[in-house]
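Model the structure of this input:
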Amino acid sequence: MTVIMGSMRWVTFDCFGTLVDWRHGIGTSAELIAPGQGARLLEAYNRHEHLVQAESPTMRYRHVLAETLRRACEEEKVDLGADDADVLATTLPYWPVFPDVRAELTALREAGWRLALLTNCDRDLIAGTRRRLPVPFEAVVTAEDAGAYKPADAHFELFRSSYEPEVWVHVAQSYFHDMEPAHRLGLRRVWINRHGLRPSDPSIVPHTQPDLRGLLAAVEATA
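Sure, this is the predicted structure:
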């Protein structure tokens, strides 16, 4: 975790699902080992990952990926080869960045906002993804740093104690992993509802938009 001292204006992001097309990455990677089963395995994977993380909050993310894929395959009655469980960690650095990321994050930087990632990932894996992100980030807090996975508070608390943000807006796609803890901690927040989901409590997400377009205005209005 890189540390930059001083109170500043920060926008923190979840990475996978918000900036990187997580669903595409999981689905297409599953197709490599089980052709024609990618969509089914993606949905099963999504049902199991947070359970694996809650059971083993200090498990390295590459092992979370493998164990969750095993459970998804078991649920869907898909044979998983002994050497295939690592496919998600292997392909993760190549998962595509959403096309709206470059322009919107560039606009934030040009307006004087510092950018950080709060990611349910490990240092080695996020390093591969950062090479594909089109703008630099001044700080990264990983699950490896925090010793826990969101929606636990650890990422947010570690970021706050390390960087002492004067103004802080959190932007993320996951209602469960990000918006709920950000609300619980009283953070300013913008929900990127890329999949048109209905929140169980709309008051948790006072500012919602379908993608990153116009994010600078949303962040500054929220701040």
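
can you pull the contacts of L19?
Applying CB atoms under 8 Å, 6 or more residues apart in numbering, we find L19 in contact with F13, V97, F98, V101, L105, L133. Yep, even glycine has a C-beta here, placed from its N, CA and C like the rest.

Give the ChimeraX command for selecting the buried subset of these.
Typed into ChimeraX, the next command selects the buried ones out of the contacts of L19 (criterion: 16 or more other CB atoms under 10 Å):
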select :13,98,101,105,133
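
May I see the contacts of L19 arranged in TSV, with secondary structure and distance to L212 as well?
Shown next, in TSV, are the contacts of L19 (DSSP: H, G, I helix; E, B strand; the rest coil; distance: CB to CB, whole Å):
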residue	secondary structure	distance to L212
F13	strand	9
V97	strand	11
F98	coil	7
V101	helix	6
L105	helix	8
L133	coil	13
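
Closest to E43 out of the contacts of L19?
Proximity of those to E43 (CB to CB) peaks at F98, which lies at 20.4 Å.

for the residue lying closest to R62 once chain neighbours are set aside, helix, strand, or coil?
The spatial neighbour of R62 that comes closest, neighbours along the chain excluded (CB to CB, 6 or more residues apart in numbering), is A89 at 3.9 Å. The three-state label given to A89 by DSSP: H, G, I helix; E, B strand; the rest coil is helix.

Isn't A89 up against A66?
Yes. If you go by CB atoms under 8 Å, A89 and A66 touch, sitting 6.9 Å apart.

So for S7, what's the pLDDT?
S7 carries a pLDDT value of 49.

With the one 4 residues further on instead?
Looking at V11, its pLDDT is 98.

and A116, what helix or strand is that in?
strand 114-119 (DSSP states H and E).

Residues in contact with stretch 66-75: which ones?
By CB under 8 Å, 6+ apart, the list of residues contacting stretch 66-75 from outside reads 30, 34, 41, 44-45, 47-49, 52, 59, 78-80, 85-89.

And the residues you listed, which of them are buried?
Buried, going by 16+ other CB under 10 Å: 30, 34, 41, 44-45, 48-49, 52, 59, 78, 80, 85, 87-89, out of the contacts of stretch 66-75.

Nearest to V190 among those?
For the buried ones among the contacts of stretch 66-75, the residue nearest V190 by CB to CB is E49; the value is 23.4 Å.

Might one say that the closest one is in contact with V64?
Yes. Checked against CB under 8 Å, the pair E49 and V64 is within contact range at 6.7 Å.

so what sits against both of these two?
With CB under 8 Å, 6+ apart, E49 and V64 have no common neighbours.

helices or strands next to the lengthiest helix in the chain in the packing?
Determined from DSSP state H, the single longest helix within the chain is helix 38-55. The contact analysis (3 or more CB pairs under 8 Å, 6 or more residues apart in numbering; DSSP states H and E) places helix 38-55 against helix 22-33, helix 61-75.

Any chance of CSV for those, columns mean pLDDT?
Shown next, in CSV, are the helices and strands packed on helix 38-55 (pLDDT from 0 to 100):
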stretch, mean pLDDT
helix 22-33, 97
helix 61-75, 97
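
Out of the ones you listed, which gets nearest to Y175?
Here helix 22-33 is closest among the helices and strands packed on helix 38-55 (CB to CB), at 14.2 Å.

Quick one: residues in contact with that closest one.
Here helix 22-33 makes contact (CB under 8 Å, 6+ apart) with 16-17, 37-39, 41-42, 45-46, 69, 72, 80-81, 84, 87-88, 91-92, 94-96.
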